[in-house]
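A.B. asks: no FASTA, just this:
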């Protein structure tokens, strides 16, 4: 009886051990000759490789149902922590193949190679920190390639971020890079822009409390510490700057990571057994984000968002047409309106270049004469004139009415063709009605033989169409149209 009980206990232990093993992906290394194709029945993620603890997995990810990316994910949350190529590689199709022939290669039967690690290794494996590695065989097992050298939008714990790397938000609009002595955040508002760097919208300089950045002593690097901070280093392990998280120096908080979000903010998280909890935000004030209220939006501290023109309903989620907010233009060759607003300033004025000018008119004239200028913000007290050479994003409302904004708004772009046709039809109809009224009026004029003056004097009306000030209602105060 005792022996039977021991057998039962042994079986139970074996079952428990089996169940507790990672089942999200069977393989813990890929060797030369490995191949895989997307499975049409998979709805979100097709695992190909797992780390030894089963926390992270490498495989195919469906993007927007029809496209494919090669990624490393956190298994429990399905969060993507690394993506090859930083964008979908191809359509989810049986024509796609992943192979390991010394290099990891994604290819299409019709197109050819879509992505490659360009290595000559012997095995691929996934570390318990989510780092995908390619190694050579032999006694030393040299590391030839690692995904930590090619981050996507995320930095994991103990992952070095160097001056040769870039974090890019999932929408492709924002990026994070290291300067000689700062962390820079850049926005690419115009998808057709030739500028690779983008527009600098936020800059963090080190406090240098314990160490200083020394010129000529090598580049700086950044790293997420297990102790709960984002550190900047130059030489050695002493940080030149520490950005503490909420859980700073609190052990046992689980895996940590930071991610560049689609709104341009850098946000830190730690894994709390069932979810990722926010632990840090680099930009704490919502109005300091580059486009917190969208293009031509007005961020009101403590109140929320509205539109710069004071007429468009922000609840619609769009203050301007798509063309005005996404692409650059030559304003010398297109029609545009002028939007003026008092009590406004730029969210990133501290890092923007400015010119001291004697008047608002000169500031506006400088922008007006510059074909690529989208607007300008001027301060009457300091004389600072900020020229905006990118599509207008969110502007911050301030109580100081001496700070004024001048913004160009392209006219006639982005309107729905159906609406345009409807207005054209209504215009033709109104023209026809006016023509008939004119003919009838001439007929009555000749018949009654009365002059226009008689009608005017009888009705007590002045000549003309009425004073111009009748158009000066609140709805017309902020918009002026001009042609260039």
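C.D. replies: Everything's here; your move. Bear in mind that the values here come from a model prediction, so they are computed numbers and not experimental data.

A.B. asks: ok, now which ones touch residue 299?
C.D. replies: By Cβ atoms under 8 Å, 6 or more residues apart in numbering, residue 299 lies in contact with 286-287, 292-293, 305, 347, 394-397. Glycine gets a C-beta too; all of them are placed from N, C-alpha and C.

A.B. asks: chain neighbours aside, what residue packs nearest to it?
C.D. replies: residue 287 (4.0 Å; Cβ to Cβ, 6 or more residues apart in numbering).

A.B. asks: what are the buried residues along stretch 82-91?
C.D. replies: Judged by neighbour count using 16 or more other Cβ atoms under 10 Å, the buried positions of stretch 82-91 are 82-84, 86, 88-90.

A.B. asks: and the average pLDDT for that stretch is what?
C.D. replies: In this model, stretch 82-91 has an average pLDDT of 90.

A.B. asks: again with stretch 370-377
C.D. replies: So the average pLDDT for stretch 370-377 ends up being 95.

A.B. asks: same thing with stretch 293-308?
C.D. replies: For stretch 293-308, mean pLDDT is 93.

A.B. asks: and if you look at stretch 174-185?
C.D. replies: Mean predicted lDDT for stretch 174-185 stands at 94.

A.B. asks: which residues sit against that stretch?
C.D. replies: 161-163, 165-169, 186-188, 197-198, 200-206, 213, 215, 219-222, 232, 260, 262-264, 266, 290.

A.B. asks: again, but for stretch 302-314
C.D. replies: 292-294, 296-300, 318-320, 339, 341, 344, 392, 394-395, 405, 407, 474-475, 478-479.

A.B. asks: of these, select the buried ones using a ChimeraX command.
C.D. replies: Here is the ChimeraX selection string for the buried members of the contacts of stretch 302-314, based on 16+ other Cβ under 10 Å:
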select :292,293,294,296,297,298,299,318,319,320,339,341,344,392,394,395,405,407,478
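
A.B. asks: okay, and which of the contacts of stretch 302-314 map to strands?
C.D. replies: Among those, DSSP state E puts 297-300, 339, 341, 344, 395, 405, 407, 479 in strands.

A.B. asks: residue ranges in the stretch 151-300 of the chain under the pLDDT threshold?
C.D. replies: Along the stretch 151-300 of the chain, the model assigns pLDDT under 70 to residues 191-196, 208-210.

A.B. asks: give the buried residues for stretch 361-379.
C.D. replies: 363-364, 366-368, 373-379.

A.B. asks: okay, how far is it across it, tip to tip?
C.D. replies: 12 Å (Cα to Cα, to the nearest Å).

A.B. asks: next: stretch 33-47.
C.D. replies: Start-to-end, stretch 33-47 (Cα to Cα) is 18 Å.

A.B. asks: and that stretch, what's buried?
C.D. replies: 34, 36, 38, 45-47.

A.B. asks: in the residues you listed, find the pair that's most separated.
C.D. replies: Spatial extent of the buried residues of stretch 33-47 (Cβ to Cβ) is set by the pair 34 and 45 at 18.2 Å.

A.B. asks: among the buried residues of stretch 82-91, which ones are in strands?
C.D. replies: 82-83, 90.

A.B. asks: any chance of those residues in a markdown table, with distance to residue 125 too?
C.D. replies: Listed next are those as a markdown table, based on distance: Cβ to Cβ, whole Å:
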| residue | distance to residue 125 |
| --- | --- |
| 82 | 14 |
| 83 | 19 |
| 90 | 25 |
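
A.B. asks: pick the one among those residues closest to residue 226.
C.D. replies: Nearest to residue 226 among these: residue 82, at 19.2 Å, using Cβ to Cβ.

A.B. asks: who's in contact with that closest one?
C.D. replies: With Cβ under 8 Å, 6+ apart, residue 82 has these contacts: 71-72, 130, 132, 147, 150-152, 154.
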